[in-house]
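Q: Next come a sequence and a model predicted from it.
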Amino acid sequence: MANPFLTLRNIDKQYNNEQVLRDIDFEIAEDEFVAIVGMSGGGKSTLLRIIAGLEEPSSGTIKFHEHEPVVRFMFQDDRILPWMSVLENLSFKSRDPKSKTRAVEMLNLVGLSEFADYYPSALSGGQRQRVALARALMARPQLLLLDEPLGALDALTRRKMQQLIMQICHEQHLMAVLVTHDVDEAARMADRVIVIRNGTNRFEEVGAKGRDAAAVSEVSDKLFDEIVNTAY
Ligand SMILES: Nc1ncnc2c1ncn2[C@@H]1O[C@H](COP(=O)(O)OP(=O)(O)OP(=O)(O)O)[C@@H](O)[C@H]1O
């Protein structure tokens with residue numbers, strides 16, 4: 001790979017006697033958007049935590065090439081604080097007055113500038129996930145780890161959020177690793193889709209993003225076959 005940002009080599013992970021990940025081996029390039037798909041319980045979230053440095057692999061190496069990047073997560077559960085306004089949710093961690101300016105900018109970026117003073121209970125699920133995205137962007141991350149962030153949204157809101165996340169990652173030169181159960185989502189959003197089968201990455205689909213509807217559907221059918229043909 002020409003410009004690797006992150007390299008994972010022979011990553012194994014066991015919990016007690018359970019082998020969750022085995023021989024995970026792939027690279028992520030600068031500016032790449034990667035999706036990880038696979039059966040439930042297959043170790044996708046564990047892999048994200050290992051990339052984030054929240055969990056140590058049992059063996060294998062993980063290497064960021066240039067420098068330790070700023071990494072932020074987005075989850076299905078938005079984890080925004082109900083007793084704070086939208087703006088406060090973004091800026092409360094920092095005493096720097098510039099943080100409020102940055103929060104306003106980030107709300108603008110995700111299309112929520114009119115909602116700065118709202119409390120989370122007054123927002124829709126899609127708007128709350130926009131707040132979660134804006135909050136993740138506050139620290140100027142280089143890498144976004146997206147653990148099924150759109151799983152609880154209705155189909156239309158989900159499509160809009162997919163577009164927003166792709167657009168922001170592209171404009172801000174952010175790398176992203178998206179874990180999703182939705183093979184259409186993976187085929188639509190990612191430059192490359194990695195299928196985790198039996199704990200190992202056995203299949204990579206390259207060049208997913210920007211395909212037309214027919215091509216997305218073809219890729220997602222292929223991904224589905226790869227996943228369900230796994231002997232679990
Ligand atoms: N901290 C832990 N201690 C023990 N076992 C764990 C721990 N975290 C995960 N596991 C086990 O590792 C396996 C993989 O879990 P993980 O959440 O990574 O899978 P997943 O592919 O993200 O699943 P899903 O798609 O359902 O979210 C599961 O069997 C889970 O029970």
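A: Alright, I've got the coordinates.
Q: Show me the helices in this protein, by range?
A: For the chain, applying DSSP state H gives helices covering 44-52, 86-91, 98-109, 125-137, 155-171, 183-189, 213-228.
Q: out of the ones you listed, nearest to the ligand?
A: Counting by CB to the nearest ligand atom, the ligand lies closest to helix 44-52 out of the helices of the chain; the figure is 3.3 Å. C-betas here are computed from N, CA, C, even on glycine.
Q: sorry, back to before: go through the helices of the chain and find the least confident stretch.
A: Mean pLDDT is lowest for helix 213-228 out of these, coming in at a mean of 88.
Q: Pro97 versus Ala136, what's the distance?
A: As defined by CB to CB, to the nearest Å, Ala136 lies at a distance of 21 Å from Pro97.
Q: These two: who's more crowded?
A: Ala136 (22 against 8; other CB atoms under 10 Å).
Q: ok, the more buried one - contacts?
A: By CB atoms under 8 Å, 6 or more residues apart in numbering, the contact set of Ala136 is 72-74, 144.
Q: returning to what we had before: can you redo the helices of the chain as CSV, where the extra columns are distance to the ligand?
A: Output for those, formatted as CSV (distance: least, CB to the nearest ligand atom, whole Å):
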stretch, distance to the ligand
helix 44-52, 3
helix 86-91, 25
helix 98-109, 28
helix 125-137, 17
helix 155-171, 17
helix 183-189, 13
helix 213-228, 11
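Q: picking that back up, for the contacts of Ala136, could you give me a markdown table that also reports neighbour count, pLDDT and distance to Arg159?
A: Putting the contacts of Ala136 into a markdown table (neighbours: other CB atoms under 10 Å; pLDDT from 0 to 100; distance: CB to CB, whole Å) gives the following:
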| residue | neighbour count | pLDDT | distance to Arg159 |
| --- | --- | --- | --- |
| Arg72 | 21 | 94 | 23 |
| Phe73 | 18 | 93 | 22 |
| Met74 | 23 | 92 | 17 |
| Leu144 | 23 | 97 | 19 |
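Q: Out of those residues, name the ones that lie in strands.
A: Counting by DSSP state E, the contacts of Ala136 place 72-74, 144 in strands.
Q: So which of those residues is the closest to the ligand?
A: Using CB to the nearest ligand atom, these come closest to the ligand at Phe73, 13.2 Å.
Q: Not counting its neighbours along the chain, what's nearest that closest one?
A: In this structure, Phe73 finds its nearest non-sequential neighbour in Leu145, 4.9 Å apart by CB to CB, 6 or more residues apart in numbering.
Q: from what I can see the one you found touches Arg72, true?
A: Yes. With contact defined as CB atoms under 8 Å, Leu145 counts as touching Arg72 (7.2 Å).
Q: Of the ones in strands among the contacts of Ala136, just say which sits nearest to Asp12.
A: Phe73 (22.9 Å; CB to CB).
Q: so how far is the ligand from Asn198?
A: Distance of Asn198 to the ligand, computed by CB to the nearest ligand atom, to the nearest Å: 12 Å.
Q: in stretch 56-70, what counts as buried?
A: 57, 60, 64 (16 or more other CB atoms under 10 Å).
Q: can you check stretch 45-52 too?
A: For stretch 45-52, burial by neighbour count (16+ other CB under 10 Å) applies to 45-48, 50-51.
Q: Now distance to Val195 too, for those, in TSV please.
A: Conversion of these to TSV gives the following (distance: CB to CB, whole Å):
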residue	distance to Val195
Ser45	16
Thr46	16
Leu47	12
Leu48	15
Ile50	17
Ile51	17
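Q: All set, thanks.
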